[in-house]
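[1] what would the 3D arrangement of this be:
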Amino acid sequence: MNRGHKPTGPTQRMLRVGELVRHALASLFARDEIEDETLVGAVITVPEVRMTPDLKLANAYVMPLGGERADEIVAALNRHHRFIRGRIAPDLDLKFAPDIRFFVDDTFEEAGRIDAILRSDRVQRDLHDDEDDTDSD
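    This is a model prediction of the structure:
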């Protein structure tokens, strides 16, 4: 047995609990139970929830539809995190309800940045150079 082996990613339990929290949050947001003027009419998606290894903290990445007022909505959700925790705790069926922190999901921006890099002239030139090399062989 290799004792120096450290896990490099989330465990199956962390992933499973993260999905439970994500579904519970999405259900809560769909019911529109949080009373805050900032959240009125906002359609909020929860693409990902990452759990800490002890499952006591959930980092929820959220994005309002269209990406408008994202920072304002995340601040409102963080103000109501105790209420949200209390509302989703019965749905989770866990020994401890995790504390929840909300962050703006930036995966769409990151995907756009990677897409722009892949479409750049430099990468396209490298791709076409490889095609020219294989044609001459």
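[2] just checking, what packs against the helix or strand encompassing Arg16?
    In this structure, Arg16 sits in helix 12-31 according to DSSP states H and E. Applying 3 or more C-beta pairs under 8 Å, 6 or more residues apart in numbering; DSSP states H and E, we find helix 12-31 packed against strand 44-51, strand 57-64, helix 81-92. All C-beta spots, glycine's among them, are computed from the backbone N, C-alpha and C.
[3] which of these is buried the deepest?
    Mean neighbour count (mean count of other C-beta atoms under 10 Å) peaks for strand 57-64 among those, with a mean of 21.
[4] returning to that earlier point: can you put the helices and strands packed on helix 12-31 in CSV and add distance to Val21 and mean pLDDT?
    Converted to CSV, those look like this (distance: least, C-beta to C-beta, whole Å; pLDDT from 0 to 100):
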stretch, distance to Val21, mean pLDDT
strand 44-51, 5, 94
strand 57-64, 5, 94
helix 81-92, 7, 93
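[5] between the helix holding Arg16 and strand 44-51, how big is the angle?
    Note on geometry: by axes from the mean of the first three to the mean of the last three C-alpha atoms, to 10 degrees, helix 12-31 and strand 44-51 are set 160 degrees apart in direction.
[6] grab the nearest non-local neighbour of the residue nearest to the spatial centre of the chain.
    The residue lying closest to the centre of the chain (C-alpha atoms, centre = their mean) is Glu48, at 2.8 Å. In space, and not counting its chain neighbours, Glu48 is closest to Tyr61: 4.7 Å by C-beta to C-beta, 6 or more residues apart in numbering.
[7] if I look at that neighbour, how far off is Thr107?
    Separation of Tyr61 from Thr107 (C-beta to C-beta, to the nearest Å): 7 Å.
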